[in-house]
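What follows is a predicted structure for the sequence shown.
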Amino acid sequence: MTTYRSWAYCPASRQNAIKPAWTDFDLHKETGSLLPFGNGRSYGDSCLNSDGIVIDGRLLNRFISFDVEQGILRCESGATFADILALTVPKGWFLPVTPGTKYVTLGGAIANDVHGKNHHQDGTLGRHIRCFELKRSSGKKLICSPEKNTEFFAATIGGLGLTGFISWAEVQLIKIPSSFIEVETTAFHGLEEFCALSEQANVKHRYSVAWLDCASSGKQFARGLFMSGNHIDCDKKSKSALHEPTISIPINFPKQAINRYSIRAFNALYFNKNRLSAGKPTKQHYDDFFYPLDSIGNWNRIYGSQGFYQYQFVVPPSKLVVMEKALNKIVASGLGSFLAVLKEFGDLKSPGMLSFPRPGICLALDFANRGNITLKLLQELDHLVMDAGGAVYPAKDVRMSSQAFQSYFPNYSEFEAYIDPKFSSDFWRRVSDKKT
Ligand SMILES: Cc1cc2nc3c(=O)[nH]c(=O)nc-3n(C[C@H](O)[C@H](O)[C@H](O)COP(=O)(O)OP(=O)(O)OC[C@H]3O[C@@H](n4cnc5c(N)ncnc54)[C@H](O)[C@@H]3O)c2cc1C
């Protein structure tokens with residue numbers, strides 16, 4: 001038995017694991033429920049299977065082929081985005097979509113149909129996956145693509161690891177002129193100002209995202225920094241493609257370290273420091289632009305051993321008032337934390353049956369786990385999101401009810417037909433009301 005944790009430290013389960021070294025392993029012989037495990041960068045319980053066995057795919061991280069002319073990469077599913085970038089950036093190619101950490105595996109990223117700062121322009125990762133091999137527990141292997149086994153393709157993208165094990169995948173990369181991004185930063189006050197900036201920036205910038213202060217009220221309510229950027233040709237000396245964390249949190253912080261005063265002080269400092277550099281474009285290495293948190297090893301320990309919750313939700317564009325209500329609730333509770341991330345999703349359709357991204361405004365932030373008061377606030381937010389016809393991101397969740405899940409993902413019953421009969425997860429048992 002090995003301990004498997006997800007990123008927010010909330011559930012840690014000791015469970016059986018198999019660690020295949022070659023993609024021809026046999027799932028047919030396994031007894032008990034199965035679930036693929038990528039690199040545990042999901043925050044909640046969608047990557048855990050405490051009653052069963054996880055298929056830990058991290059040894060399956062070999063490259064299979066790379067067409068340097070066309071930017072088409074095929075690799076095993078356990079290759080991380082860090083591994084991929086180390087290979088492709090020196091050849092002038094970048095991932096078409098990346099989340100805020102490069103320590104995710106390709107298999108895990110497909111299973112959550114991850115989105116990035118370029119959602120308005122490029123949609124989710126699934127739109128750039130050309131094909132993959134899906135291993136079912138029956139022993140059958142399916143090659144899935146937008147043309148072949150199309151239902152399994154759609155069910156597996158964003159399918160939370162439940163349709164089988166992706167052994168390899170092929171992704172279309174994007175051409176880049178250098179490792180640098182030119183970034184513009186603008187301070188804003190209020191959600192309407194954010195939306196206006198987003199509308200302008202999304203026309204000329206591939207990437208856009210904002211940091212929102214979720215601790216300040218009154219005149220400072222909903223202030224933030226809006227960042228947008230494009231890949232640029234830059235002769236600045238490139239840093240190594242594979243950055244390792246420069247500092248690391250060695251222990252879990254004590255519970256008292258994160259409180260409404262330390263958070264308010266941090267947010268004010270962050271806003272004021274960065275506001276000064278706003279207005280002047282800067283050149284940032286892709287590591288600094290896309291993965292700032294990766295430079296702090298084990299940053300998830302700052303919330304202490306009781307862990308934290310991340311809450312990420314999207315509401316339709318017409319429901320800005322709901323976002324404002326949610327934000328008011330968060331500010332009034334004093335429970336919100338550092339670095340809330342606000343992003344406008346565009347209207348490019350996500351290819352997965354259960355993909356989370358959809359047109360609207362999306363907010364993600366951490367809450368230190370303070371027990372029932374935190375859970376009560378999150379439940380209140382759930383009701384706002386449900387009433388607005390929005391959704392909460394399963395990759396970040398450990399507590400949504402089956403009622404909430406079914407409201408956010410109304411086609412879950414269509415999806416159920418593609419679940420591998422031997423596959424399950426802690427998340428799935430909770431949201432589908434299934435005990436096995
Ligand atoms: C700092 C940070 C920033 C983040 N930013 C973003 C963001 O901007 N956008 C975003 O979308 N997400 C974001 N995330 C979430 C993260 O991108 C996803 O949770 C991602 O799926 C984690 O990948 P993983 O390889 O660690 O997989 P895990 O978390 O281990 O597993 C994720 C899911 O993939 C399944 N899975 C894993 N491997 C396979 C396989 N081979 N075959 C089939 N299924 C498989 C698992 O069963 C599970 O359901 C962020 C996470 C962190 C920690």
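Yep, that arrived. Numbering: from 1, shown residues only.

from the chain's centre, how far out does stretch 196-212 sit?
From the chain centre to the centre of stretch 196-212 is a distance of 19 Å (Cα atoms, centre = their mean, to the nearest Å).

just checking, what packs against the helix or strand hosting I166?
Secondary structure from DSSP states H and E places I166 in strand 165-172. When contacts are defined as 3 or more Cβ pairs under 8 Å, 6 or more residues apart in numbering; DSSP states H and E, strand 165-172 packs onto strand 34-37, strand 72-76, helix 106-111, strand 129-135. Placement of C-beta: from N, CA and C, glycine included.

Try it again at 6 Å.
strand 72-76, helix 106-111, strand 129-135 (3 or more Cβ pairs under 6 Å, 6 or more residues apart in numbering; DSSP states H and E).

Just want the angle from the longest one to strand 165-172.
Meaning strand 129-135. Angular relation of strand 129-135 and strand 165-172 on a 0 to 180 degree scale: 170 degrees, by axes from the mean of the first three to the mean of the last three Cα atoms, to 10 degrees.

How far away from the center of its chain is the following helix or strand past the strand holding I166?
Remark: after strand 165-172, the chain's next helix or strand is strand 174-175, criterion DSSP H and E. Here strand 174-175 is found 21 Å from its chain centre; the criterion is Cα atoms, centre = their mean.

what comes into contact with strand 174-175?
F94, P96 (Cβ atoms under 6 Å, 6 or more residues apart in numbering).

strands paired with that strand, and their directions?
Within its sheet, strand 174-175 is paired with strand 93-94 (antiparallel), according to DSSP bridges.

For this structure, what lies in contact range of the ligand?
7, 35-42, 46-47, 57, 77, 99-101, 104-105, 107-109, 111-112, 114-116, 160-161, 165-166, 293, 395 (Cβ under 6 Å from any ligand atom).

if we can go back for a sec, report the inter-axis angle for the strand holding I166 versus strand 72-76.
160 degrees.

Now do the contacts for the closest residue to S13 other than its chain neighbours.
Spatial nearest neighbour of S13, chain neighbours left out: S50 (3.7 Å); criterion: Cβ to Cβ, 6 or more residues apart in numbering. With contact set as Cβ under 6 Å, 6+ apart, S50 has these partners: S13, Q15, D426.

Now do S50 against the ligand, distance only.
To the ligand, S50 is 13 Å away according to Cβ to the nearest ligand atom, to the nearest Å.

same thing with R301?
13 Å.

Could you tell me how far the residue of the stretch 201-350 of the chain found nearest the ligand is located from N300?
Across the stretch 201-350 of the chain, no residue is closer to the ligand than L293, which sits at 4.6 Å (Cβ to the nearest ligand atom). According to Cβ to Cβ, to the nearest Å, L293 and N300 sit 9 Å apart.

Of the two, which one has the most company?
N300 (21 against 13; other Cβ atoms under 10 Å).

Give the helix, strand or coil label for that one.
When classified by DSSP: H, G, I helix; E, B strand; the rest coil, N300 comes out as helix.

Contacts only, for it.
W7, Y9.

Try it again at 7 Å.
Contact partners of N300, counting by Cβ atoms under 7 Å, 6 or more residues apart in numbering, are W7, A8, Y9.

Could you double-check that the first one lies in contact with R41?
Right, the one you point to is W7. Yes - contact status for W7 versus R41: in contact at 5.3 Å, counting by Cβ atoms under 7 Å.

To which secondary structure element is T3 assigned?
Assigned by DSSP H and E, T3 falls in strand 2-5.

For G92, give me the pLDDT.
Note on G92: pLDDT of 97.

Can you tell me the closest non-neighbouring residue to E182?
Excluding its sequence neighbours, the residue lying closest to E182 (Cβ to Cβ, 6+ apart) is I232, at 4.5 Å.

Roughly how far does the one you found sit from Y103?
From I232 to Y103 the distance is 26 Å (Cβ to Cβ).

if we can go back for a sec, does the residue nearest to E182 really touch P177, like I thought?
Yes - applying Cβ under 7 Å as the test, I232 and P177 come out as touching, 6.5 Å apart.

Which one's more surrounded, these two?
Neighbour tally, I232 and P177, criterion other Cβ under 10 Å: the higher count belongs to I232, 17 against 11.

which residues sit in contact with that one?
P177, S178, F180, I181, E182, K283.

Out of these, which is nearest to D420?
Set against D420, the nearest of the contacts of I232 by Cβ to Cβ is I181 (39.5 Å).

Three-state assignment for the closest one, please.
Going by three-state DSSP: I181 is strand.

Tell me how many other residues crowd S305.
13.

Now it. Its backbone dihedrals?
Backbone torsions for S305, taken as degrees, to the nearest 10, come to phi -70, psi -20.

Could I get the full set of helices for this protein?
For the chain, the helices defined by DSSP state H occupy 81-88, 106-111, 119-122, 150-156, 191-204, 260-277, 286-290, 320-333, 372-387, 402-408, 412-416, 426-431.

between those helices, which gets nearest to K236?
Across the helices of the chain, closest to K236 is helix 286-290 (Cβ to Cβ), at 11.9 Å.

packing partners for that closest one?
strand 180-189 (3 or more Cβ pairs under 7 Å, 6 or more residues apart in numbering; DSSP states H and E).

Okay, now the sheet partners of the strand it packs on, with direction.
Partners of strand 180-189, by DSSP bridges, with direction: strand 223-232 (antiparallel), strand 282-285 (antiparallel).

per-residue pLDDT, I174?
98.

What about K102? Give its phi and psi, please.
Torsion angles, degrees, to the nearest 10, at K102: phi -100, psi 0.

and it, how many neighbours does it have?
23.

rewinding a little: right, so the helices of the chain: which one is the most enclosed?
With neighbours defined as mean count of other Cβ atoms under 10 Å, the helices of the chain peak in mean count at helix 106-111, which reaches a mean of 28.
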